[in-house]
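Chemist: sequence and predicted model, in that order:
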Amino acid sequence: MERLDKILASQGTLSRKEVKEIIRKGRITLNGNVVKDSSVKIDENKDVVTLDGEVLSLKKHIYIMLNKPQGIISASDSDTDETVVDLVPEELFRKGLFPAGRLDKDTTGFVLITDDGDFAHRILSPKNHIFKTYIAELQHKLSDDDIKSLENGIVLGDGTELKESKVEVIEDTDKPLVRIQICEGKYHQVKRMFAATGNKVLTLHREKMGELYLDNNLKPGECREITSDELVKIISK
Ligand code: URA
């Protein structure tokens, strides 16, 4: 149990003073009733709090799934470009949001945005072997030897040694479509892996983190909150 004003201010969008003012004006309800006492204690897991009729999320941390479009950078803020955090709608926004892992500006698909540094570290650390799954369209066909060397842990042009990956050809055409799963997140990793086999990635899309697929109801640029059951799918192997 925690004070209402403290919880609301900890969400990061309102100062303690603004929270008090909003409560005083009767804009907050607690379990359906207007509440004017900012010191009332609430249970973040059970109580329902609204601001101007919108239900507020009172959880300690938030985890958001974004279907990233092309042309957006994976950062919290930028003076020049639109960022993935700029795409988070007001009702999910909090202070301290950042993308847990970066996609290139031209890569599309699943970006997890959170304010939970420990969780981000857990899913990104290569030693935890949480696979990120991408669909790549390639310039040229892949040979069986290419697949073997990618899967066994290829060495990049600059000598970087990579861990194992999983590669599956989905459409064996002139410009094949390939599913690749990696558990590291080195700079331009997938593009550099295929470049090391003399190939080129034409388009890249992240479809899955751990065992959680990008929700195909999300149009490019749309976000939604990840449920606790879904979070477990990311970290379970
Ligand atoms: N690998 C890449 O090359 N780019 C991405 O955006 C993600 C993985």
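Modeler: Nice, thanks for sending it over.
Chemist: kindly list the longest strand within this structure.
Modeler: Looking across the chain with DSSP state E, the single longest strand is strand 201-209.
Chemist: give me the mean pLDDT for the next helix or strand after that one.
Modeler: Downstream of strand 201-209, the first helix or strand assigned by DSSP states H and E is strand 212-213. Averaging pLDDT along strand 212-213 gives 98.
Chemist: list the helices and strands strand 212-213 packs on?
Modeler: helix 228-235 (3 or more Cβ pairs under 8 Å, 6 or more residues apart in numbering; DSSP states H and E). Yep, even glycine has a C-beta here, placed from its N, CA and C like the rest.
Chemist: buried sites along the helix it packs on?
Modeler: Going by neighbour count (16 or more other Cβ atoms under 10 Å), the buried part of helix 228-235 is 230, 231, 234.
Chemist: relative to the ligand, which of the residues you listed is nearest.
Modeler: Using Cβ to the nearest ligand atom, residue 234 comes nearest to the ligand of the buried residues of helix 228-235, at 16.6 Å.
Chemist: enumerate every residue touching residue 212.
Modeler: Applying Cβ atoms under 8 Å, 6 or more residues apart in numbering, we find residue 212 in contact with 65, 226, 230, 231, 233, 234.
Chemist: would you turn those residues into CSV with distance to residue 155?
Modeler: Converted to CSV, the contacts of residue 212 look like this (distance: Cβ to Cβ, whole Å):
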residue, distance to residue 155
65, 33
226, 35
230, 35
231, 34
233, 32
234, 29
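Chemist: of the residues you listed, which pair is most distant in space?
Modeler: Using Cβ to Cβ, the contacts of residue 212 reach their maximum pairwise distance at 65 and 233, which is 11.4 Å.
Chemist: what residues does the chain put near the ligand?
Modeler: Counting by Cβ under 6 Å from any ligand atom, the chain comes close to the ligand at 103, 104, 107, 188, 189, 190, 191, 204.
Chemist: got a winner among these for most neighbours?
Modeler: residue 103 (24 neighbours; other Cβ atoms under 10 Å).
Chemist: skipping its backbone neighbours, what lies nearest that residue in space?
Modeler: Setting aside the residues directly before and after it, residue 103 is nearest to residue 74 in space (Cβ to Cβ, 6 or more residues apart in numbering), at 5.2 Å.
Chemist: surely that neighbour and residue 68 touch.
Modeler: Yes: if you go by Cβ atoms under 8 Å, residue 74 and residue 68 touch, sitting 7.4 Å apart.
Chemist: overlap in contacts, those two.
Modeler: Taking Cβ under 8 Å, 6+ apart as the contact rule, residue 74 and residue 68 both touch 84, 103, 111.
Chemist: secondary structure of the last one: a helix, I assume?
Modeler: Think residue 111. No: per DSSP: H, G, I helix; E, B strand; the rest coil, residue 111 lies outside any helix segment and is strand.
Chemist: okay, now it: neighbour count?
Modeler: Neighbourhood size, residue 111 [other Cβ under 10 Å]: 25.
Chemist: good, wrapping up.
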